[in-house]
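A.B. asks: just to be clear, the model below is a prediction. Sequence and coordinates:
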Amino acid sequence: MALPDAHRFTDPAFEHGMLVGTGRVTVGDATTAGSGELVCQLLGAGRLGLAASAEGNARVLLLGGEPLAERIVMW
């Protein structure tokens, strides 16, 4: 999705990962991320809030959904 200046996006309470492609965004009220950074928001956060920086547009890849019902083990 492309976010214009100071635009906000919200979604129901699921686990999410946001990969910032270009620009800078604020996730929630405090976490900021720039190009190439991944921000995770775990279940229970309520709503997802993204705000593009007033400095310019941002492009963000949003991944997520309902948590998996099983534990995943990675080695």
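C.D. replies: Sure thing, it's come through.

A.B. asks: got a pLDDT number for Gly36?
C.D. replies: At Gly36, the pLDDT value in this model is 94.

A.B. asks: now it: which helix or strand?
C.D. replies: Secondary structure assignment for Gly36, by DSSP states H and E: no helix or strand.

A.B. asks: ignoring the adjacent residues along the chain, who's closest to the most centrally placed residue in the chain?
C.D. replies: For the chain, the residue nearest the mean C-alpha position is Met18 (3.4 Å; CA atoms, centre = their mean). Residue nearest to Met18 in three dimensions, not counting chain neighbours: Val39, with 4.8 Å by CB to CB, 6 or more residues apart in numbering. Where you see a C-beta, it was placed from the backbone N, CA and C, and this is true even at glycine.

A.B. asks: I'd say the one you found and Thr26 touch.
C.D. replies: No - between Val39 and Thr26 there is no contact under CB atoms under 8 Å: 9.7 Å.

A.B. asks: thinking again about what came up before, separation between the residue nearest to Met18 and Ala58?
C.D. replies: Noted for Val39: a distance of 12 Å to Ala58, by CB to CB, to the nearest Å.

A.B. asks: who's more crowded, those two?
C.D. replies: Ala58 (25 against 18; other CB atoms under 10 Å).

A.B. asks: count the neighbours of the spatially closest residue to that one that is not a sequence neighbour for me.
C.D. replies: In space, and not counting its chain neighbours, Ala58 is closest to Gly23: 3.0 Å by CB to CB, 6+ apart. Neighbour count for Gly23, taken as other CB under 10 Å: 19.

A.B. asks: ok, now which ones touch Gly23?
C.D. replies: 3, 34-35, 52-53, 55-59 (CB atoms under 8 Å, 6 or more residues apart in numbering).

A.B. asks: host element of the residue nearest to the centre of the chain?
C.D. replies: strand 15-22.

A.B. asks: please identify the buried residues of the helix or strand Val60 falls within?
C.D. replies: Using DSSP H and E, Val60 sits in strand 58-65. Buried residues in strand 58-65, counted by 16 or more other CB atoms under 10 Å: 58, 60.
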